[in-house]
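Asks: model this:
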Amino acid sequence: MATRPSETRLPKIHLEPYGNLLLDPDNPRLAELKLTIKDQDRILQWLWKNKAVSELVDSMLAGGYWPHEEVFVSKEGSKLVVIEGNRRLAAVKLLMEPETRARLNIKADWNPSQKVLDSMKELPVIVRPRSEIWDYIGFKHLNGPQPWDSIAKAQYIHRVYFNFGVPLEQIASTLGDRNDTVVRMYRGYLVLKQAMDEGLFDPENRMKPKFAFSHLWTALTYKSVQEFLGVTQEQLLRPNPVPKKNRQKLGELLLWLYGNKEDEVEPKVRSQNPHLREMAEVLESARGLQFLRSGQPLAVALEAARGDTRLFQDAVSKAESELRTASRFVATGYSGERELLETATNIEKLAKTLASTMRQQAAGSE
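Replies: As a prediction, this is how the structure comes out:
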């Protein structure tokens, strides 16, 4: 069982030359990428472009490195890998190393004072195995003031569960999760990992700039999506949960969720509400699925899935609801505008024609 930092006497902070510290390729912020410890430049450049390292640079330029901002480090072999404080280390490296900025084509007009540079030569470090401070780091970034995005959270949950042997129930309890979010994220990550490992999906090839991982783990809560992939909730807790015979369907689902930048295919799901719910409804119908696979817009596939009877019923109910609303506000909201009166007159004619047609069909069916 992992030990909470509050229950452990952490070793004293010591100062370590910043050059001895390495950025962490397993940083959950980098969950969409496949990096190794050798990819220090790629990690640094990604953090600079995506995680507002410039804000930390500005802060350090003004006041130097704050000595109370300790960095958590894991000693892995002969290497000191930063497991908490990667953005801070990135800022330090960029300020201290003009040659690194030039190599990475990071153009910045910085002129740190000698006092600022001296404050960054050695950083306050606590060395501890990852397994002993997972809950401190997890709580800070899952529920605390510096939250990760959902894919980073899911990757971290997966690592704690697999690498440290901490049950999902304990992870959820420790992180204060009372809404089953940890389990849902974990299920989504296993499906995503399978798709990436099997070459079915590359998050970098999505159409939208931001990877909406929540689309996937929320989609997996729908019964129709589970049936489409041939999985159960129990199967979704195991590695590679989607059966091999449904690999193509997994690729289709991810294409509908995220699109394909290389092939210029837009996603069917543009927002979680209502599009995700609508896609799940489409998957309940063979006809709707056929339309979806043929490249039709989600709205067209939804109409095909619902059928004429459902669409007619919905349209009549919606019309009645809107007319009731208009009737409530006519006394105070209508000021004699001729255009609105003409619209209401057209509605009256349409309603009479509709009612007449319905009466005829009702009489013919008796």
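Asks: Any buried residues in stretch 242-260, and which?
Replies: Residues of stretch 242-260 classed as buried: 242, 247, 249-260 (neighbour count, 16 or more other Cβ atoms under 10 Å). The way it works is simple: take the backbone N, C-alpha and C, and place the C-beta from them, glycine included.
Asks: could I get that stretch in CSV with only the CA atoms?
Replies: Output of stretch 242-260 as CSV, limited to C-alpha atoms (Å, rounded to 0.1, in the frame of the first residue of the first chain):
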residue,chain,number,x,y,z
VAL,A,242,-12.0,-4.2,-27.2
PRO,A,243,-12.0,-7.6,-28.9
LYS,A,244,-9.8,-8.0,-32.0
LYS,A,245,-12.9,-8.6,-34.2
ASN,A,246,-14.1,-5.1,-33.3
ARG,A,247,-10.8,-3.2,-34.0
GLN,A,248,-12.3,-1.5,-37.1
LYS,A,249,-15.2,-0.3,-35.0
LEU,A,250,-12.8,1.1,-32.4
GLY,A,251,-11.1,3.1,-35.2
GLU,A,252,-14.5,4.3,-36.5
LEU,A,253,-15.6,5.5,-33.0
LEU,A,254,-12.4,7.5,-32.5
LEU,A,255,-12.7,8.9,-36.0
TRP,A,256,-16.3,10.1,-35.2
LEU,A,257,-15.1,11.6,-31.9
TYR,A,258,-11.9,13.3,-33.1
GLY,A,259,-11.7,13.4,-36.9
ASN,A,260,-8.6,12.9,-38.9
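Asks: How far away from the center of its chain is it?
Replies: Relative to its chain's centre, stretch 242-260 lies at 17 Å (Cα atoms, centre = their mean, to the nearest Å).
Asks: Now do it: everything it contacts.
Replies: With contact meaning Cβ atoms under 8 Å, 6 or more residues apart in numbering, stretch 242-260 is reached by 191, 194-195, 198, 200-201, 203, 205-208, 211-212, 215-216, 219, 225, 228-231, 265-269, 279, 292-293.
Asks: Now do that stretch, average pLDDT.
Replies: The average pLDDT for stretch 242-260 rounds to 97.
Asks: ok, Phe72 touching Gly85?
Replies: Yes. Judged on Cβ atoms under 8 Å, Phe72 makes contact with Gly85 at a distance of 6.3 Å.
Asks: Give me the buried entries from the contacts of stretch 242-260.
Replies: Buried among the contacts of stretch 242-260 by 16+ other Cβ under 10 Å: 191, 194-195, 200-201, 203, 206-207, 211-212, 215-216, 219, 225, 228-229, 231, 267-269, 279, 292.
Asks: The residues you listed in helices, which ones?
Replies: The helices, defined by DSSP state H, take in 191, 194-195, 215-216, 219, 225, 228-229, 279, 292 from the buried ones among the contacts of stretch 242-260.
Asks: Specify which member of those is nearest to Thr325.
Replies: In terms of Cβ to Cβ, no member of those lies closer to Thr325 than Met279, at 29.1 Å.
Asks: and that closest one, how far is that from Glu339?
Replies: Note on Met279: its distance to Glu339, by Cβ to Cβ, to the nearest Å, is 38 Å.
Asks: Repeat that for Glu320.
Replies: 23 Å.
Asks: Would you mind telling me which of those two has the busier surroundings?
Replies: The residue with more neighbours, out of Glu320 and Glu339, is Glu320; 11 against 7, by other Cβ atoms under 10 Å.
Asks: What's the local residue count around Arg130?
Replies: By other Cβ under 10 Å, the residues close to Arg130 number 20.
Asks: Repeat that for Gly188.
Replies: Gly188 has 23 neighbouring residues, counting by other Cβ under 10 Å.
Asks: my guess is it meets Leu216, correct?
Replies: Yes. With contact defined as Cβ under 8 Å, Gly188 reaches Leu216; the gap is 4.7 Å.
Asks: so what's Leu142 scoring on pLDDT?
Replies: The model's pLDDT for Leu142 equals 63.
Asks: and what of the one 4 residues further on?
Replies: At Gln146, the model reports a pLDDT of 60.
Asks: Name the residues of the biggest helix by length in the chain that are buried.
Replies: Criterion DSSP H: the longest helix present in the chain is helix 298-333. Within helix 298-333, the residues that count as buried by 16+ other Cβ under 10 Å are 298, 301-306.
Asks: Which residues are in contact with Leu95?
Replies: For Leu95, counting by Cβ under 8 Å, 6+ apart, the contacting residues are 57, 60-61, 110, 112, 116-117, 120.
Asks: Got a quick PyMOL command for the buried subset of these?
Replies: Those of the contacts of Leu95 that count as buried under 16+ other Cβ under 10 Å are selected in PyMOL with:
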select buried, resi 57+60+112+116+120
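Asks: would CSV of the contacts of Leu95 with distance to Asp39, secondary structure and pLDDT be doable?
Replies: Output for the contacts of Leu95, formatted as CSV (distance: Cβ to Cβ, whole Å; DSSP: H, G, I helix; E, B strand; the rest coil; pLDDT from 0 to 100):
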residue, distance to Asp39, secondary structure, pLDDT
Val57, 21, helix, 94
Met60, 24, helix, 94
Leu61, 27, helix, 94
Trp110, 24, coil, 91
Pro112, 26, coil, 92
Val116, 28, helix, 94
Leu117, 26, helix, 95
Met120, 23, helix, 96
